[in-house]
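Novice: Have a look at this prediction, sequence included:
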Amino acid sequence: MNNWQQQKLGNVADVILSNVDKKTDENERTIRLCNYTDVYKNSFINIKKSKNFMIASCNENEYDKFLLRKGQVAITKDSETPDDIGVSTYITDDFEDVVLGYHLSLITPYMDKLNGRFLYYWLNTRQSKRYFENNAGGSGQRCTLTLDCIKSIPLHLPNPQTQQRIAAVLSSLDAKIELNNHINAELEAMAKTLYDYWFVQFDFPDKNGKPYKSSGGKLVWNNELKREIPEGWEVESIEQCCDIIDCLHSKKPDYNFENDYSYLLQLENLLNNGLIDISYKYYVSYDDYKKWTSKIEVRENDILITNAGRVAATVQVPKEIITGIGRNITAIRPTKIKPTYLFLSFRGIDMLRQIKWNTDSGAFFSSFNVKGIKNLFVLKPQVNIEDNFELLVYSLRRKRELLQNENQVLAQIRDWLLPMLMNGQVKVM
């Protein structure tokens, strides 16, 4: 591996295990706690993200030891499964009030030997993941990494300057992904604001271009939605304006390799922000694919809704994806209603309230099935209002879908480069 040096993590970084819990003691310092889920869900921690961290307290010794500082790396050290230990995040800012919580390890690289960003990416390599899985101890249903185990993580290190250059290449890809995510969040907020303004507050432009309700537009009571709606508008059963296509099989495909055929969308592919993530692919045989997609092949503008676990998480299928759907997913195909308006309706207050009314609470999780979907009603505005709204929001939707597609390509490039950069196969000048 060229002139790279083999080291153990404990020789090039300070490693400590946090014992700061979630309690709040009025006699201790008030802090924001970076806990397990914050590390698990974020590739990096910055000041903006820390604003949502929970409030807790710690003593002065804990504050001095576990206060987050720029250049550090935090990893998960406990989990129910080996796959979830050793998950890392990079600390991008110096903090005055954010402390690392329990079940986590804080790693402070020695700056003259180890670059923090380089370490973060090293911990995301396959060999690191394999090390964590092979060395996780614990008893019962809990896996854990001991302090000695973390300190013994094997590293192959170039000089600090090369480490910095390698990290810069990979972090530039992650920075673009993060920027796209930020833009997408703003586009989502814009579309929701427009929807709420037009179809919750009913201040859509009237025939004179003025806000309808604020200008004295008449409202009438509707029994299905249990609220007032503009005069002349209708409420339809979802079956009157959509086809409902349920998945037909109950067995999750056990293929996890790419072949000549397509894949089925699973719950993991449906993101809470209404987009589809295809980085998890479940490929199936030709016979299974033909059987499962003969009636459940999704098309552009279909709305996918989950019926188990994450109840009623909805996404809208972009035109780039035509495939089948796996278990616990139902497709709703708009036939007599504008698709983007329908999608936003499913994420609006009227539909969420109806979904709650029609959700069955089981012993282990709530279920929202096809029967419940067929009981839903959708607000139908006057045709010109629906058409004008669709013109406004469709471009926002497509921009989000294209940025999501770009992110998936960027992630593939990053994941392709990662092992080659980390073993010196590809050199950065």
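Specialist: Now that the structure is in, tell me what you want to look at. Numbers count the residues shown, from 1 in each chain.
Novice: Strands of the stretch 1-150 of the chain, start to end?
Specialist: For the stretch 1-150 of the chain, the strands defined by DSSP state E, counting those that start in this stretch occupy 5-8, 13-17, 29-34, 44-45, 54-58, 73-76, 78-79, 88-91, 98-100, 104-109, 143-144.
Novice: Enumerate the positions of the third one that are buried.
Specialist: Spelled out, it's strand 29-34. Of the residues in strand 29-34, 31, 32, 33, 34 count as buried by neighbour count, 16 or more other Cβ atoms under 10 Å. From N, CA and C alone the C-beta is placed, and that goes for glycine too.
Novice: Mind picking the two most distant members of the residues you listed?
Specialist: 31 and 34 (9.4 Å; Cβ to Cβ).
Novice: Ok, which of the strands of the stretch 1-150 of the chain comes nearest residue 402?
Specialist: The minimum distance between residue 402 and these falls on strand 44-45, with 24.2 Å, by Cβ to Cβ.
Novice: So what touches the closest one?
Specialist: By Cβ atoms under 8 Å, 6 or more residues apart in numbering, the residues outside strand 44-45 that reach it are 34, 38-39, 68, 74, 89-93, 98, 120, 174, 178.
Novice: Go through the residues you listed and give me the one with the most neighbours.
Specialist: residue 34 (28 neighbours; other Cβ atoms under 10 Å).
Novice: so how far is residue 339 from the residue positioned nearest the centre of the chain?
Specialist: The residue lying closest to the centre of the chain (Cα atoms, centre = their mean) is residue 271, at 5.5 Å. As judged by Cβ to Cβ, to the nearest Å, residue 271 and residue 339 stand 18 Å apart.
Novice: now residue 331
Specialist: Distance, residue 331 to residue 339, by Cβ to Cβ: 12 Å.
Novice: Name the nearest residue to residue 190, ignoring sequence neighbours.
Specialist: residue 396 (5.9 Å; Cβ to Cβ, 6 or more residues apart in numbering).
Novice: check contacts around the one you found.
Specialist: Contacts of residue 396 (Cβ under 8 Å, 6+ apart): 187, 190, 191.
Novice: quick revisit: the residue nearest to the centre of the chain contacts residue 315, doesn't it?
Specialist: Yes - if you go by Cβ atoms under 8 Å, residue 271 and residue 315 touch, sitting 6.7 Å apart.
Novice: And the pLDDT at residue 200?
Specialist: pLDDT, residue 200: 94.
Novice: what about it, how many residues close to it?
Specialist: 14.
Novice: can you check the one 4 residues further on too?
Specialist: When neighbours are counted by other Cβ under 10 Å, residue 204 registers 20.
Novice: And for it, nearest residue in space, chain neighbours not counted?
Specialist: Nearest one to residue 204, counting by Cβ to Cβ, 6+ apart, is residue 198 at 4.0 Å.
Novice: what helix or strand does the one you found sit in?
Specialist: helix 160-199 (DSSP states H and E).
Novice: Low-confidence ranges, the stretch 101-250 of the chain, go.
Specialist: Low-confidence segments of the stretch 101-250 of the chain (pLDDT under 70): 138-141, 247-250.
Novice: What distance do you get for the residue nearest to residue 204 to residue 386?
Specialist: 10 Å.
Novice: Mind checking which of those two has more residues around it?
Specialist: Set side by side, residue 198 and residue 386 show more neighbours around residue 198, with 23 against 20, by other Cβ under 10 Å.
Novice: can you map out the helices along the stretch 201-350 of the chain?
Specialist: For the stretch 201-350 of the chain, helices defined by DSSP state H, counting those that start in this stretch occupy the ranges 238-241, 286-293, 339-346, 349-357.
Novice: List the buried residues of the first one.
Specialist: Going by neighbour count (16+ other Cβ under 10 Å), the buried part of helix 238-241 is 238, 241.
Novice: Let me see the residues that make contact with it.
Specialist: In contact with helix 238-241 (Cβ under 8 Å, 6+ apart) are residues 244, 332, 334-337, 342, 373-374, 376-378, 380.
Novice: Show me these that map onto strands.
Specialist: Using DSSP state E, the subset of these located in strands is 244, 332, 334, 377, 378, 380.
Novice: How many neighbouring residues does residue 226 have?
Specialist: 11.
Novice: again, but for residue 278
Specialist: 14.
Novice: Could you do residue 177 as well?
Specialist: 19.
Novice: can you check residue 332 too?
Specialist: Residues lying near residue 332 (other Cβ under 10 Å) number 24.
Novice: show me the contacts for the closest residue to it other than its chain neighbours.
Specialist: Leaving aside its sequence neighbours, residue 332 sits nearest to residue 303 (Cβ to Cβ, 6+ apart; 4.4 Å). Residue 303 makes contact with 314, 315, 316, 317, 331, 332, 333, 334, 339, 342, 343, 346, according to Cβ under 8 Å, 6+ apart.
Novice: partners of the second one in the sheet?
Specialist: It stands for residue 315. Here residue 315 sits in beta bridges with residue 304, as judged by DSSP bridges.
Novice: was I right about it contacting residue 276?
Specialist: Yes - here residue 315 reaches residue 276: they are 5.3 Å apart, a contact under Cβ under 8 Å.
Novice: What is the burial count for the residue lying closest to residue 126 once chain neighbours are set aside?
Specialist: Nearest residue to residue 126, sequence neighbours excluded (Cβ to Cβ, 6+ apart): residue 419, at 6.6 Å. If you count neighbours by other Cβ under 10 Å, residue 419 ends up with 14.
Novice: From residue 389, how far off is residue 419?
Specialist: Counting by Cβ to Cβ - residue 419 and residue 389 are separated by 47 Å.
Novice: number of nearby residues for residue 88?
Specialist: Counted with other Cβ under 10 Å, residue 88 comes out at 21.
Novice: Report the contact partners of it.
Specialist: With Cβ under 8 Å, 6+ apart, residue 88 has these contacts: 39, 73, 74, 75, 76, 119, 120, 123, 124.
Novice: ok now do the third one, which residues does it touch?
Specialist: Listed by Cβ under 8 Å, 6+ apart, the contact set of residue 74 reads 34, 39, 45, 68, 88, 89, 91, 100, 104, 105, 106, 107.
Novice: any idea which of these is the one closest to residue 14?
Specialist: Nearest to residue 14 out of the contacts of residue 74 is residue 107 (Cβ to Cβ; 7.3 Å).
Novice: what does the domain assignment say about this structure?
Specialist: Structural domains annotated on the chain: 5-156, 181-409, as defined by automatic domain parsing.
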